[in-house]
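# sequence first, predicted model second:
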Amino acid sequence: MIDYVKGQIEELTPTYAVIDCSGIGYRCEISLPSFTAIEGKATVKLLIHEAIREDAWTLYGFVDERERNLFRLLIGVSGVGAGTARMILSALSAPELEAAIMNGDHLKLKAVKGIGAKTAQRIIVDLKDKVKPGNDNGTSILPPSGNMTATPAFDESLAALVMLGFQRNQAEKVLKKLYSADPSLKVENAIKQALALL
């Protein structure tokens with residue numbers, strides 16, 4: 001079992017990172033907070049969760065144990081797959097997700113794409129006793145500093161939303177609205193806002 005990968009970032013998008021470890025490139029599916037945390041770095045260490053099926057072997061990467069634990073708790077809930085768990089972790093920060101579960105806020109969970117009322121309630125019931133509020137040091141949720149021009153940011157945000165399963169025309173419409181209001185919007189913030197609107 002792979003516990004983590006550590007190496008040079010060869011490719012990075014808001015949905016996956018390719019990490020070069022001694023000449024082997026490992027593609028790791030990541031959440032938006034993980035993307036935010038590692039963007040701009042040359043090397044990185046990602047904690048790994050392996051999802052092995054007959055037709056696929058997928059690595060999910062996380063910048064900290066807190067996020068990986070939440071991911072593993074989520075996929076243990078009936079009806080929540082790895083893709084849905086990653087969507088939840090991209091739409092809600094770890095503290096927000098923990099608070100929603102502990103407070104029984106099923107409306108916040110239901111606002112995430114792919115989560116219906118029953119699934120939201122099931123997540124709360126199954127995980128309420130398992131989730132503990134963590135020490136939020138902001139490492140994985142604070143956006144990086146630096147400016148980003150609108151056009152490359154728009155394209156990257158759109159590509160990420162399409163890879164997450166949204167229809168291109170719907171994602172494009174929402175992003176145009178967001179970037180019209182704020183042309184300097186960073187990729188991670190644009191995706192997070194779009195996830196709440198789609």
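Cool, the structure landed. Keep in mind it's a predicted model, so treat the numbers as computed, not measured.
# skip the chain neighbours and tell me the closest residue to Trp57.
Residue nearest to Trp57 in three dimensions, not counting chain neighbours: Glu50, with 7.1 Å by CB to CB, 6 or more residues apart in numbering. In this view, the C-beta of every residue, glycine as well, is placed from N, C-alpha and C.
# could you measure from the residue nearest to Pro14 when sequence neighbours are not counted over to Thr36?
Using CB to CB, 6+ apart and skipping the chain neighbours, the partner closest in space to Pro14 is Ala160 (3.7 Å). Counting by CB to CB, to the nearest Å, the gap between Ala160 and Thr36 amounts to 12 Å.
# for Asp126, same thing?
As for Asp126, its distance to Thr36 is 28 Å (criterion: CB to CB).
# between these two, tell me which one has more neighbours.
Neighbour count, other CB atoms under 10 Å: between Asp126 and Thr36, Thr36 has more, with 25 against 17.
# ok, the more buried one to Thr43 distance?
In terms of CB to CB, Thr36 sits 17 Å off from Thr43.
# can you name the next helix or strand after the worst-scoring helix or strand of the chain on mean pLDDT?
Within the chain, no helix or strand scores below helix 150-163, which has a mean of 79 by mean pLDDT, DSSP states H and E. Later in the chain than helix 150-163, the nearest helix or strand by DSSP states H and E is helix 168-181.
# for that following helix, packing partners?
Helix 168-181 is packed against helix 150-163, helix 187-197, with contacts defined by 3 or more CB pairs under 8 Å, 6 or more residues apart in numbering; DSSP states H and E.
# any idea which of those is most buried?
helix 187-197 (a mean of 21; mean count of other CB atoms under 10 Å).
# for it, give me every contacting residue.
Residues outside helix 187-197 that contact it (CB atoms under 8 Å, 6 or more residues apart in numbering): 14, 32, 35-36, 39, 87, 90-91, 111-113, 143, 148, 153-154, 156-157, 160-161, 171, 174-175, 177-179, 185.
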